[in-house]
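1. With the sequence up front, the predicted model follows.
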Amino acid sequence: MLEPSNNNELPIIPGKRYFTIGEVAELCAVKPHVLRYWE
């Protein structure tokens, strides 16, 4: 995950309603299995 000092480098979130788990994993800088575990 991102370090607190890197918050100015966060990706721009596209303006769409639904995302694939791969897209969310890329936006959050985590692996897809981590998101599936959190479900």
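-> Cool, got the structure.
2. Now do the helices in this protein.
-> Taking DSSP state H as the test, the helices found in the chain are 21-28, 32-38.
3. As a markdown table, the ones you listed with mean neighbour count and distance to Leu10 would be great.
-> From N, CA and C alone the C-beta is placed, and that goes for glycine too. Output for the helices of the chain, formatted as a markdown table (neighbours: other Cβ atoms under 10 Å; distance: least, Cβ to Cβ, whole Å):
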| stretch | mean neighbour count | distance to Leu10 |
| --- | --- | --- |
| helix 21-28 | 14 | 9 |
| helix 32-38 | 11 | 17 |
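4. Serialize these to TSV and add fields for distance to Ile12.
-> Formatted as TSV, the entries for the helices of the chain read as follows, by distance: least, Cβ to Cβ, whole Å:
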stretch	distance to Ile12
helix 21-28	9
helix 32-38	19
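5. between those helices, which one is nearest to Pro14?
-> With respect to Pro14, and counting by Cβ to Cβ, the nearest of these is helix 21-28 at 8.1 Å.
6. export the helices of the chain to JSON lines and tack on mean pLDDT and distance to Ile13?
-> As requested, these are arranged in JSON lines below (pLDDT from 0 to 100; distance: least, Cβ to Cβ, whole Å):
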{"stretch": "helix 21-28", "mean pLDDT": "93", "distance to Ile13": "6"}
{"stretch": "helix 32-38", "mean pLDDT": "92", "distance to Ile13": "15"}
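7. Of all those, which one comes closest to Glu9?
-> Using Cβ to Cβ as the criterion, the shortest distance between Glu9 and the helices of the chain is 12.4 Å, found for helix 21-28.
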